[in-house]
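Chemist: test case, fold it:
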Amino acid sequence: MKLLVLGGTVFLGRHLVESALARGHEVTLFTRGQHNPEVFPEVEKLRGDRNGDMEALKGRTWDAALDTSGYLPRVVRASAELLAPAVKLYMFISTISVYADFSRPNFDEDTPTGTIEDESIEEVTGETYGPLKALCEKAVQEAFPGRALIIRPGLIVGPLDHTDRFTYWPRRIARGGEVLAPGDGSDPVQVIDGRDLADWTIRMVEQGKTGVYNATGPAATLTMKEVVDQCLATTGSGADITWVSNDFLKEKGVQPWSDLPAWIPAEGDMAYMQTAGIKRALENGLTFRPLPETIQDTLAYLAVRPSGPELKAGIKRDREKELLEEWHSREGQAG
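Modeler: Numbering: from 1, shown residues only. The predicted model follows:
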């Protein structure tokens, strides 16, 4: 197949290109050339900007377009409408965050998506990210009626991850010592290795699949304790894990997801964000590698990544130590 990738030089986009090339497809990248321009020297690269300069895309045809870099409805609509006569299938990477209600578990693709009062807003924040992505989906579906494949991933992890939203745990536990862990370990976690997501997405494109699919994992329920235990077993660090109550963490202003990545306490409006129903994707061939393999490969990538080993997410060691000392002090007083 002839595949056009909008983006393709960062994280999931790179995994998609690698998977497509490994399966013998002809790939063209459309990028601004600002990130990792040296990757994929064997691939045709078209230069341009989705926000106004798409001349390089005109007069060409492809079997499918893979959109990993769309966040603003106006920009996605322009790309989709331009490519509608030239592309048979449009695959758009959306997000689990599009859903309006995470207070109930096991939401599926038919669950209502979030809305935003002013649909012209183009500032991407925690509040606007999901609704804007939902509007991007709508733009794609309107430009490609019956020819759109919408993928809604959860937390994408593994090698090439530049966000460190999962990397924190393998790295922190590998370093050993006393590790602060949130809650009692029972909170749900959903992650998908970027390579598994990419391989499945390419297979879906090959089959001409359309529709909307939640794409996260694993197939069975995963808890925060299981993530920590897998990191312990895989790294062999002998780290000492201390589980600290959510009430204490809230009192101290410790933020789920950012200070303690991949963790969302099972309470309040976001309680079940990591319980997305993935039956439709599983029935269409989504599979997962073992979590220890992802942990091991994440650490291997972190050791050599060009930006260095410092993490962009996760609580700092000094702060972690302070919290643990106060937690133990309170426990001692209570005893």
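
Chemist: neighbours of residue 17, how many?
Modeler: Other residues near residue 17 number 25, with proximity taken as other Cβ atoms under 10 Å. Where you see a C-beta, it was placed from the backbone N, CA and C, and this is true even at glycine.

Chemist: correct me if wrong, but it is in a helix.
Modeler: Yes - counting by DSSP: H, G, I helix; E, B strand; the rest coil, residue 17 is found in a helix.

Chemist: residues contacting the closest residue to it other than its chain neighbours?
Modeler: In this structure, residue 17 finds its nearest non-sequential neighbour in residue 8, 4.9 Å apart by Cβ to Cβ, 6 or more residues apart in numbering. Going by Cβ atoms under 8 Å, 6 or more residues apart in numbering, residue 8 touches 14, 16-17, 27, 29-31, 40, 66, 68.

Chemist: how close does residue 8 sit to residue 196?
Modeler: Remark: distance between residue 8 and residue 196 (Cβ to Cβ, to the nearest Å) = 18 Å.

Chemist: and residue 280, by the same measure?
Modeler: Taking Cβ to Cβ, one finds residue 280 at 16 Å from residue 196.

Chemist: with neighbour numbers in mind, choose between these two.
Modeler: Per other Cβ under 10 Å, whichever of residue 280 and residue 196 has more neighbours is residue 196, with 23 against 16.

Chemist: secondary structure class for the more buried one?
Modeler: Here residue 196 is recorded as helix under three-state DSSP.

Chemist: quick one: it and residue 289 touch, right?
Modeler: Yes - counting by Cβ atoms under 8 Å, residue 196 does reach residue 289; the two are 5.9 Å apart.

Chemist: residues in contact with residue 192?
Modeler: With Cβ under 8 Å, 6+ apart, residue 192 has these contacts: 153-157, 215-217, 288.

Chemist: let me see the backbone angles for it.
Modeler: phi -140, psi 130 (degrees, to the nearest 10).

Chemist: test for you: state the pLDDT assigned to it.
Modeler: With respect to pLDDT, residue 192 scores 98.

Chemist: likewise for residue 34?
Modeler: Looking at residue 34, the pLDDT reads 82.

Chemist: about what we covered before: export the contacts of residue 8 as TSV, with columns for distance to residue 115, pLDDT and secondary structure.
Modeler: TSV is the format used below for the contacts of residue 8 (distance: Cβ to Cβ, whole Å; pLDDT from 0 to 100; DSSP: H, G, I helix; E, B strand; the rest coil):
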residue	distance to residue 115	pLDDT	secondary structure
14	33	97	helix
16	29	98	helix
17	34	98	helix
27	35	98	strand
29	33	97	strand
30	30	97	strand
31	31	93	strand
40	38	95	coil
66	27	98	strand
68	24	94	coil
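
Chemist: which neighbours do residue 196 and residue 289 have in common?
Modeler: Counting by Cβ under 8 Å, 6+ apart, nothing touches both residue 196 and residue 289.

Chemist: please enumerate the helices of the stretch 101-250 of the chain.
Modeler: 129-143, 168-174, 194-206, 224-235, 246-251 (DSSP state H, counting those that start in this stretch).

Chemist: columns distance to residue 104 on top of these, output as CSV?
Modeler: Below are these laid out as CSV (distance: least, Cβ to Cβ, whole Å):
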stretch, distance to residue 104
helix 129-143, 16
helix 168-174, 27
helix 194-206, 25
helix 224-235, 20
helix 246-251, 20
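
Chemist: minimum distance to residue 112: which of these has it?
Modeler: Ranking the helices of the stretch 101-250 of the chain by their distance to residue 112 (criterion: Cβ to Cβ) puts helix 129-143 first, at 9.5 Å.

Chemist: give me the helices and strands touching that closest one, please.
Modeler: helix 73-83, strand 87-93, strand 148-153 (3 or more Cβ pairs under 8 Å, 6 or more residues apart in numbering; DSSP states H and E).

Chemist: how near is the residue positioned nearest the centre of the chain to residue 233?
Modeler: In the chain, the residue lying closest to the centroid (Cα atoms, centre = their mean) is residue 156, at 3.1 Å. From residue 156 across to residue 233, the span is 23 Å (Cβ to Cβ).

Chemist: by neighbours, which of the contacts of residue 8 wins?
Modeler: Using other Cβ under 10 Å as the neighbour test, those are led by residue 66, with 31 neighbours.
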